[in-house]
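Enquirer: the following comprises the amino acid sequence and a computationally predicted model.
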Amino acid sequence: RYLADRLAGVASVGLAWELNLERVAELRPDLILGLDREFEPVYAELSRIAPTVAVPFGASSGEWKRFNRGYAEALGAEAVYDDLLADYDARVAVLADAIAARYDEPPAVAVLRANTDNLRSELPGIFVGSVLYADVGLRLPPGLADVHAANPEAATMEVSREAFAVAAGADALVAMAMSP
């Protein structure tokens, strides 16, 4: 739904972890590109269909700039990626400057994601956290900052009703819902 208008006419081959290999083969791709963690179980099959590049995912989606660079390298499009990243960096700088002009210290923002079976807090190691905290310069609320300091490798943390207080002290709360 998010990019439906841009993807009109693009064939679906299923979700990354549920690839329809027959459909992939029918499309006769010149190159198959994806992340190693999704491709690992089917890499051999994909490689028989077309040359396959499995870019290392790393620890979490917070490493999105690195693995997107891997995609660009596989496509010989490093200059295009560099331009896109420079544009992103310029836009982030404008946002960070606007926040700095308005607030004495960066606002503390808690990002919570509701799944079908739990509530999770996004930390700096996940995509949205890397953007908001590392790039834009927003702060984690004190309770989440303590959790992150105790386990800096954690990308998310499950939040029970009882532990919801970790979001206390947030100047803003961003809630996301994942559709099943």
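Expert: Looks like it came in fine. Numbers count the residues shown, from 1 in each chain.
Enquirer: stretch 108-127: which residues count as buried?
Expert: For stretch 108-127, a neighbour-count test (16 or more other Cβ atoms under 10 Å) marks 108-113, 119-126 as buried. Just so you know, the C-beta spots here come from the backbone N, C-alpha and C atoms, and that holds for glycine as well.
Enquirer: in this structure, which spans are helices?
Expert: With helices called from DSSP state H, the chain shows them at 21-27, 36-39, 43-49, 64-75, 78-102, 127-129, 142-150.
Enquirer: any buried residues in the second one, and which?
Expert: Neighbour-count burial for helix 36-39, with 16+ other Cβ under 10 Å as criterion, is recorded at Glu38, Phe39.
Enquirer: of all the helices of the chain, which one is nearest Thr156?
Expert: Thr156 lies closest, by Cβ to Cβ, to one member of the helices of the chain: helix 127-129, at 8.3 Å.
Enquirer: Pro56: which of the buried residues of stretch 108-127 is nearest?
Expert: Nearest member of the buried residues of stretch 108-127 to Pro56, counting by Cβ to Cβ, is Gly125, at 15.7 Å.
Enquirer: my read is that the closest one contacts Ala154, right?
Expert: Yes - counting by Cβ atoms under 8 Å, Gly125 touches Ala154, with 6.3 Å between them.
Enquirer: what do those two both touch?
Expert: Counting by Cβ atoms under 8 Å, 6 or more residues apart in numbering, Gly125 and Ala154 have no contacts in common.
Enquirer: residue contacts, the nearest residue to Phe164 once chain neighbours are set aside?
Expert: Closest residue to Phe164 apart from its sequence neighbours, by Cβ to Cβ, 6 or more residues apart in numbering: Leu119 at 7.9 Å. Each residue near Leu119 by Cβ under 8 Å, 6+ apart is listed here: Leu112, Arg113, Glu158, Val159, Ser160, Phe164.
Enquirer: all set now, cheers.
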